[in-house]
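Student: Build me a model:
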Amino acid sequence: MDKIFISQLVDSDRSSVFDLLQNEQTMRFLGPRRPLTDAEAEIWFANEQQAETRFAFRSIETNEIVGFCGVTQLDGELDFGYFIRQKFWGQGLASLMCKSAIFKLAQSIDLIQIKVFIASDNVGSQKVAHKLGWQIKCTAENEFESGHLYQIRT
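Tutor: Residues are numbered from 1 along each chain as shown. All right, here's what the predicted structure looks like:
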């Protein structure tokens, strides 16, 4: 874990977080499946500053926000996810973030109860799941796409 670390969000992170939330490619499989407006991103940022089970990750080298990983409530279920600023894609950081978040979450949450949905078109996340040894539990779909539910392995 020499590339990233878990960190608190501070006000000066706003532009980096907006860069993530307003990027069309990053948001392709997240939330409303579109970039967030300034008002939506502002609400998301304020809520994330209070989040206890989803974590911000920073680059050790630059101290920049890399992305987020952890659990949030979605439709009454614990939903695990991660998302990374596009400039940090392809560096193996998603699997590092997942490992770190899962280690921290396992201290207070039963990982069996966590839902992990990965869309059929989300090849990058499928590769991360495979690298982490996660197994497909079943096919699933949401209002946007079809995919699979995965079981987190520690």
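Student: In this structure residue 114 contacts residue 71, no?
Tutor: Yes: the criterion here is Cβ atoms under 8 Å, and residue 114 meets it with residue 71 at 6.0 Å. C-beta coordinates here come from the backbone N, C-alpha and C atoms, glycine included.
Student: the more surrounded of those two?
Tutor: Just comparing residue 114 and residue 71: by other Cβ atoms under 10 Å the higher neighbour count belongs to residue 71, 25 against 21.
Student: which SS class is the more buried one?
Tutor: Under DSSP: H, G, I helix; E, B strand; the rest coil, the three-state class of residue 71 is strand.
Student: what sits opposite it in the beta ladder?
Tutor: In this structure, residue 71 has the following beta-bridge partners (DSSP bridges): residue 80.
Student: Now do the contacts for it.
Tutor: Residue 71 makes contacts with 53-54, 78-80, 105, 109, 114, as judged by Cβ atoms under 8 Å, 6 or more residues apart in numbering.
Student: Between residue 114 and residue 71, which contacts overlap?
Tutor: Counting by Cβ under 8 Å, 6+ apart, the common neighbours of residue 114 and residue 71 are 78-80, 105.
Student: phi, psi of the closest residue to residue 138 other than its chain neighbours?
Tutor: The shortest distance from residue 138 to any residue that is not its chain neighbour, by Cβ to Cβ, 6 or more residues apart in numbering, is 5.5 Å, and that residue is residue 149. Note on residue 149: its backbone torsions stand at phi -90, psi 140 [degrees, to the nearest 10].
Student: Appreciated, that's everything.
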